[in-house]
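**Q** Here's a sequence, model it:
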Amino acid sequence: MKRLAILALVIGVLGVAPAAQALPMINGALSLVGVNGQTVLPIDGAGNPLLTFIGARALDFTNAAGPTPGLPGDFWVVSANGAFAPLLLAVGQINDLTFTGAAVNANYPTIPLTPFQAYAPLGFKFDMLTLTKTVQNANSLAFQGTGTFYLNGYDPTPGTYFFTGNQDGGTFSYSSSEAAAGQVPEPGSMMLLGTGLIGLAGAVRRRLKK
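**A** The predicted structure is shown next:
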């Protein structure tokens, strides 16, 4: 099944290191989009791709025309600041996952997921530790939870994330926001952020096509 998708991911971490700590905690933000040709497919309980989020239990991140079970897709860091600044323009990997109930199969594991996304050269990794689904209908998917960030030169830093997936004319978009543990993003603010990211992802895709 040939699908076309754009992914966008915004991550923010706020941390204050205790005085006795040898390494600082991560403080900064970054935005990710899928590289050219990247697709995210909703997957049902039997491991089959779907046209909408209805009945979906997993997500497959793939660089191919169809699902690639158990193989990660690629992400591209399009903006980064703070501790994440060295990641700008890096291309990393994002893993498939089951977002509800028991794992669909070994290729679509449920949380805790270690890692959910990673870029090895700088030791960047995000472990997804908890997940709560908040929205699922034909055109939208949303969930949020907690996890841990890793980056060379910094102590592991806990954080929260917010995931939204949208379908529009067969194109899926992906956005997330993550901040310090205990500071869950306000839903209204996240809707505005997600809308802006979809526009950003579209602009990046058009630029890549040129």
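**Q** Now do the contacts for Asp60.
**A** Val40, Leu41, Ile43, Pro49, Pro67, Thr68, Pro69, Gly73, Asp96, Tyr108 (Cβ atoms under 8 Å, 6 or more residues apart in numbering). All C-beta spots, glycine's among them, are computed from the backbone N, C-alpha and C.
**Q** tell me which of the residues you listed is nearest to Ala56?
**A** Ile43 (6.2 Å; Cβ to Cβ).
**Q** Not counting residues beside it along the chain, what's closest to the closest one?
**A** Ala58 (3.9 Å; Cβ to Cβ, 6 or more residues apart in numbering).
**Q** JSON lines for the contacts of Asp60, including secondary structure?
**A** Listed next are the contacts of Asp60 as JSON lines, based on DSSP: H, G, I helix; E, B strand; the rest coil:
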{"residue": "Val40", "secondary structure": "strand"}
{"residue": "Leu41", "secondary structure": "strand"}
{"residue": "Ile43", "secondary structure": "strand"}
{"residue": "Pro49", "secondary structure": "strand"}
{"residue": "Pro67", "secondary structure": "coil"}
{"residue": "Thr68", "secondary structure": "coil"}
{"residue": "Pro69", "secondary structure": "coil"}
{"residue": "Gly73", "secondary structure": "strand"}
{"residue": "Asp96", "secondary structure": "coil"}
{"residue": "Tyr108", "secondary structure": "strand"}
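**Q** Closest to Phe143 out of those residues?
**A** Val40 (13.8 Å).
**Q** what's the neighbour count on the closest one?
**A** 21 (other Cβ atoms under 10 Å).
**Q** pLDDT wise, what is it at?
**A** If you check Val40, the pLDDT there is 80.
**Q** and it, bridged to which residues?
**A** Judged by DSSP bridges, the bridge partners of Val40 are Phe61.
**Q** try Thr148
**A** Applying DSSP bridges, one finds that Thr148 bridges with Asp127, Pro158.
**Q** quick one, what contacts it?
**A** Counted by Cβ under 8 Å, 6+ apart, Thr148 has contacts Phe126, Asp127, Leu129, Pro156, Thr157, Pro158, Gly159.
**Q** Can you add pLDDT and distance to Val104 and give the residues you listed back as JSON lines?
**A** Formatted as JSON lines, those follow (pLDDT from 0 to 100; distance: Cβ to Cβ, whole Å):
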{"residue": "Phe126", "pLDDT": "91", "distance to Val104": "21"}
{"residue": "Asp127", "pLDDT": "94", "distance to Val104": "20"}
{"residue": "Leu129", "pLDDT": "93", "distance to Val104": "19"}
{"residue": "Pro156", "pLDDT": "92", "distance to Val104": "29"}
{"residue": "Thr157", "pLDDT": "89", "distance to Val104": "30"}
{"residue": "Pro158", "pLDDT": "86", "distance to Val104": "28"}
{"residue": "Gly159", "pLDDT": "80", "distance to Val104": "26"}
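**Q** Are any of these buried, and if so which?
**A** Phe126, Asp127, Leu129, Thr157, Pro158, Gly159 (16 or more other Cβ atoms under 10 Å).
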